[in-house]
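[1] Need coordinates for the following:
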Amino acid sequence: MFKHILVAVDGSATANRGLSTAIELAADQRATLHVLHVVDDLAAMPAVNEGFIPADYIEGMIESLREGGRQVVAKAKALAGARGIEVKTLLVESRGRSVAETILAQARRQKADLIVLGTHGRRGLRRVLLGSDAENVLRDARIPVLLVRGTERAKRPAARNAKASKSARAAKQPEKRTPALRLPIA
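    Next up is the predicted model:
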């Protein structure tokens, strides 16, 4: 039985699917839901370090990220609260750590016994280029992690199944023979 469920949200459709699942679990388990939004200050650091963007501009950008995070956790709290779930919201800055490290640190701090994350399920080069916070959390977590596929991945298997069933139907039907085309020899 889970007593403290931590769910990381960023307002994306994928994170919202994870949030919905976490809310259902928290309601079922009568658990406290810890809704976490990580303000990723690392994303802006390369631009500052390379001198591309002035540091004061970056601070304004980070404040904008904070405000967006406040709105995301407020919406999540309202959704979970409507189900009668005890909700605690967390807005945390990464402060030089990766998002995955920040999620894991908060899971320990909140004494979570389950982490729920939405995931894009990227593969290959896209995963290498974009990284995978969910994969890093999964790799380093000492508690169970539930990964919830995003909507774009959830649709693909259905499309594959439709193609597979179409192929299966075609295989069951008798083969239609096309008459051979005979050309006169000159």
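
[2] Quick one: the strands in this protein, in order.
    4-8, 32-39, 87-93, 114-119, 145-149 (DSSP state E).

[3] helices and strands around the last one, which ones?
    Spelled out, it's strand 145-149. In this structure, strand 145-149 packs against helix 13-29, strand 114-119, helix 133-140, with contacts taken as 3 or more CB pairs under 8 Å, 6 or more residues apart in numbering; DSSP states H and E. (Glycine included, C-beta is placed from N, CA and C.)

[4] Out of the ones you listed, which one sits most buried?
    strand 114-119 (a mean of 25; mean count of other CB atoms under 10 Å).

[5] Quick one: list the elements packing against that one.
    Going by 3+ CB pairs under 8 Å, 6+ apart, strand 114-119 lies up against strand 4-8, helix 13-29, helix 99-109, helix 133-140, strand 145-149.

[6] Please tell me I have it right and A80 contacts V87.
    Yes. A80 is within contact range of V87, at 4.5 Å (criterion: CB atoms under 8 Å).

[7] Which positions within the helix ranked longest in the chain qualify as buried?
    Among the segments of the chain that qualify as a helix by DSSP state H, the longest is helix 55-82. Applying a neighbour-count criterion of 16 or more other CB atoms under 10 Å, one finds I62, L65, G69, V72, V73, A76, K77, L79, A80 buried in helix 55-82.
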